[in-house]
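What follows is a predicted protein model with its sequence.
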Amino acid sequence: MKPVVNVEETPGKVVGHRSAPADGLAPSPAQTVRDAQAWQRAFQTGRVPKGVYRFRTHEEADEWLWKMLTRPRH
């Protein structure tokens, strides 16, 4: 079989330059900031006090968590 292109020959001319396609799924910096703000609004912090909590049972922990989540805001 005869090769289609002579690999030893250097091309004389380049007609165009191919650029890599843009990633359509990559978020822009402004979009990531808006996403972060939306997540903060959706899951507002401060409902459960920070710290390490130890409970005797999972039921006790669940009861405490629901009590913290459903209490009125300050």
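Looks like it came in fine.

so where's this protein shaky on pLDDT?
1, 3, 45-46, 74 (pLDDT under 70).

helix, strand or coil for the most centrally placed residue in it?
For the chain, T32 is the residue whose C-alpha lies nearest the centre (Cα atoms, centre = their mean; 8.2 Å). Of the three states, T32 takes helix according to DSSP: H, G, I helix; E, B strand; the rest coil.

What separation do you get for it and F55?
Relative to F55, T32 is positioned 36 Å away (Cβ to Cβ, to the nearest Å). Every C-beta, even on glycine, is put in place using the N, C-alpha and C of the backbone.

now do A61
Distance from A61 to F55, by Cβ to Cβ: 4 Å.

and if you look at Q44?
24 Å.

quick one, which of the two is more surrounded?
F55 (12 against 8; other Cβ atoms under 10 Å).

wait, what's in contact with that one?
A61, W64 (Cβ atoms under 8 Å, 6 or more residues apart in numbering).
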